[in-house]
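Trainee: Here is my input; please provide its structure:
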Amino acid sequence: METHCIDVFFAFRQYPIHIVTAGSIIPDELNDIMRNRTLQEETERNKDSAVSISLSTNKSYIISLLDRHRSIIEECRRIAQFQESNESYPQPEANQIPDHFLFYAKRGFYSYDCCKVKEDGTAIYRLMAWPEKTQKMNYDLPQFTPKGLKENKILHLPEYIEL
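Mentor: Below is the predicted model:
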């Protein structure tokens, strides 16, 4: 296993999944940088492939990320004032965090963000945005079963997954 901050694409049963790894360790089966980069580029090139379906987002989690980002910026400003620095810090935009995940959800992916890196370097991923209905996709996605989902019969993907 190796670490990379990359977008990873795979399918679990009929569900197309996109995750942002944030440098966490990913299983060898998904650690094909060229395949993931090719899928990312192909998805970005096919901007017209955005499906007109209803999307859902994890609003409370997104708001908590924005709040955390704002508090970090405020702390940096206080430090800069204390050090008499004139360095400016950007304000987070409301859409800055979810845009990446919405982009992939509009194309039919269930889009997850790394929400916690564990001591062993593996991570827990949290669902950020997803289509209301699973769509048939024309991408060659590798099949992969996240931890704990093998035995379970699920009707919908869970909010949290581990690889």
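
Trainee: C-alpha from now on. contacts and neighbour counts both.
Mentor: OK.

Trainee: Convert the host helix or strand of Ala11 to CSV, retaining C-alpha atoms only.
Mentor: Secondary structure from DSSP states H and E places Ala11 in strand 7-12. Written as CSV, here are the backbone C-alpha positions of strand 7-12 (Å, rounded to 0.1, in the frame of the first residue of the first chain):
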residue,chain,number,x,y,z
ASP,A,7,-9.4,10.9,-6.4
VAL,A,8,-10.2,7.2,-6.5
PHE,A,9,-13.0,5.6,-8.5
PHE,A,10,-14.5,2.1,-8.1
ALA,A,11,-17.9,0.4,-8.0
PHE,A,12,-19.4,-1.5,-5.1
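
Trainee: Contacts made by whatever helix or strand comes next after it with the rest, please.
Mentor: The element immediately downstream of strand 7-12 (helix or strand, assigned by DSSP H and E) is strand 15-20. Strand 15-20 has contacts (Cα atoms under 8 Å, 6 or more residues apart in numbering) with 5-11, 104, 108-114, 125, 134, 137, 141, 157.

Trainee: got the buried residues for stretch 7-16?
Mentor: Asp7, Val8, Phe9, Phe10, Ala11, Phe12, Tyr15, Pro16 (16 or more other Cα atoms under 10 Å).

Trainee: What subset of the contacts of strand 15-20 is buried?
Mentor: Looks like these have 6-11, 104, 108-114, 125, 141 buried, using 16+ other Cα under 10 Å.

Trainee: which SS state does Ala22 fall under?
Mentor: Following DSSP: H, G, I helix; E, B strand; the rest coil, we place Ala22 in the coil state.

Trainee: Give me the neighbour count for it.
Mentor: The local packing of Ala22 (other Cα atoms under 10 Å) involves 18 other residues.
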